[in-house]
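**Q** here is my input; please provide its structure:
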Amino acid sequence: MKTTKYFSATWCGPCQQFKPIMKELANEGNNIQFIDVDKDSELASKYGVRSVPTVVIEDGGVEVDRFVGVLPKNKVMERIS
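**A** This next block holds a predicted model:
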């Protein structure tokens, strides 16, 4: 099963713009974990997150895709499906 990790920060403008899209996808049944890089810097470091927003897509615990920045909802759907 695919898991999507959404790394963001409260001070990040693009993150605030992108968060509603990610919440919508989560509400539609997609497995999305919301991670604040300031509150969970250890996990962000483990995943090598250097800028936000970063989305990491895993399948069975293995990273299969990642992107940095804001994408339209349909493009995110393509990546996480």
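**Q** for this structure, just list every one of the helices.
**A** 13-27, 41-46, 73-80 (DSSP state H).
**Q** K2 is nearest to which of those helices?
**A** helix 73-80 (6.3 Å; CB to CB). Yep, even glycine has a C-beta here, placed from its N, CA and C like the rest.
**Q** and the closest one, how far from the chain's centre?
**A** 11 Å (CA atoms, centre = their mean, to the nearest Å).
**Q** take the helices of the chain and write them to CSV, including mean pLDDT, distance to D65 and mean neighbour count.
**A** Shown next, in CSV, are these (pLDDT from 0 to 100; distance: least, CB to CB, whole Å; neighbours: other CB atoms under 10 Å):
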stretch, mean pLDDT, distance to D65, mean neighbour count
helix 13-27, 97, 15, 15
helix 41-46, 97, 17, 13
helix 73-80, 96, 6, 14
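**Q** will you turn those into TSV that also has distance to V55?
**A** Shown next, in TSV, are the helices of the chain (distance: least, CB to CB, whole Å):
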stretch	distance to V55
helix 13-27	8
helix 41-46	13
helix 73-80	7
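**Q** so which of these gets nearest E63?
**A** Across the helices of the chain, closest to E63 is helix 41-46 (CB to CB), at 11.2 Å.
**Q** what's that closest one in contact with?
**A** Applying CB atoms under 8 Å, 6 or more residues apart in numbering, the set of residues contacting helix 41-46 from outside is 7, 35, 37.
**Q** among these, which one sits closest to M1?
**A** I35 (18.2 Å).
**Q** chain neighbours aside, what residue packs nearest to the closest one?
**A** In space, and not counting its chain neighbours, I35 is closest to F7: 5.0 Å by CB to CB, 6 or more residues apart in numbering.
**Q** equivalent analysis for G60, please.
**A** M1 (7.3 Å).
**Q** okay, V62: pLDDT?
**A** pLDDT, V62: 96.
**Q** re the thing from before, what's the burial count for the residue nearest to I35?
**A** F7 has 25 neighbours, counted by other CB atoms under 10 Å.
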